[in-house]
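Engineer: Predicted model and sequence follow; I will ask about them next.
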Amino acid sequence: MIAALLLVASPGRGSQTYAGVGLILNVSPERNEIVVSMKEIPGYMDAMVMPLPVRQSRDLQGLRPGMMVNFTLVVTGKSAYAENLRVRHFVSLQNDPQEACRLDIIEKAMANNSSSPATLAAGQHVPDFSLTDQNRQPVALSQFSGKVVVMAFVYTRCPLPNFCFRLSNNFGQLQKRFGKQMGHELFLLSVTLDPEHDQADDLAKYATIWNANAASWHFLTGPAPTLERVTGMFGVVYSPDMGMVTHSLHTVIIDRDGDLFANLEGNEFTARQLGDLVQAVLNRAPGSEGTQ
């Protein structure tokens, strides 16, 4: 539900400004408006979903659903709007500069590899692929035609709480929030980045941590070349490194038409914000034009 902003500024006191952070759910250039899942502004408002007008259409250029943004929330006695919109680019929370350097090297090597698949842009159709889940059953993307699919890329031995654990916890929260839609309208796919270790038994054990319903939340593995093709579609970079896997963080939402709706990089969005974005995609009818 989109909440209306409670205007607390007095008309006689002029406008007030607040630093806002949010995840974009929709962009409407024809209305000069964005819909944002906002984080709490301490002392002013709780976290909520709200539409925010902008004064200039150029402020919306380059914005699309799934982007985290910083902005200034301007509140007057009669209205509220956003200005100074800035995309909040993900900066790794990892404190090891050597790890960050290795990831940068991997990204550059993959970018220079002509055999690497081109990264899909929002709105492009996602090619079909087939992997194997925790129950040793084949799972093809095409079997979810007409459904919303959310994907994340993890590995079971990841020791960092802000990385794979957080992405999997986000999925656990989606499973709770969308219990009635799970398995009917919404499916979750957790794709391993460590196929050498993460086989069916390992993925099944990992799934029990999250009380995953195997009918609607699939933990997937497969041959390395297939995984490289799948991860390459979404710009995921990864490489084994001394028993661990150095990797980037991506959460992907595919709409009912099988098109890429959003590719969220990083881990700075909350599970609630991800759920708000999933709800926005569930609300869209098949064949509807998304605003990117």
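Structural biologist: Sure thing, it's come through. Fair warning: this is a prediction, and the values are worked out from it, not measured in the lab. Numbers count the residues shown, from 1 in each chain.
Engineer: Tell me the helix or strand right after the helix or strand encompassing residue 204.
Structural biologist: Element membership of residue 204 [criterion: DSSP states H and E] is helix 200-209. Per DSSP H and E, the first helix or strand lying C-terminal to helix 200-209 is strand 217-220.
Engineer: Parallel or antiparallel, which strands does that following strand pair with?
Structural biologist: Using DSSP bridges, strand 217-220 pairs in its sheet with strand 186-192 (parallel).
Engineer: got the angle for the strand it pairs with vs helix 200-209?
Structural biologist: For strand 186-192 against helix 200-209, the angle by axes from the mean of the first three to the mean of the last three Cα atoms, to 10 degrees is 130 degrees.
Engineer: then strand 186-192 to CSV, C-alphas only?
Structural biologist: Only the C-alpha atoms of strand 186-192 are listed here, as CSV (Å, rounded to 0.1, in the frame of the first residue of the first chain):
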residue,chain,number,x,y,z
LEU,A,186,6.0,-15.8,-7.3
PHE,A,187,9.1,-18.1,-7.4
LEU,A,188,12.5,-17.7,-5.8
LEU,A,189,15.7,-19.0,-7.4
SER,A,190,19.0,-19.1,-5.4
VAL,A,191,21.8,-19.9,-7.9
THR,A,192,25.1,-21.2,-6.5
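Engineer: Just the mean pLDDT for that strand, thanks.
Structural biologist: In this model, strand 186-192 has an average pLDDT of 98.
Engineer: isn't there a helix covering residue 169?
Structural biologist: Yes: counting by DSSP: H, G, I helix; E, B strand; the rest coil, residue 169 is part of a helix.
Engineer: so who does the closest residue in space to it that isn't next to it in sequence touch?
Structural biologist: Sequence neighbours aside, residue 271 is the residue nearest to residue 169 in space, at 6.7 Å (criterion: Cβ to Cβ, 6 or more residues apart in numbering). Every C-beta, even on glycine, is put in place using the N, C-alpha and C of the backbone. Neighbour list for residue 271: 169-170, 173-174 [criterion: Cβ atoms under 8 Å, 6 or more residues apart in numbering].
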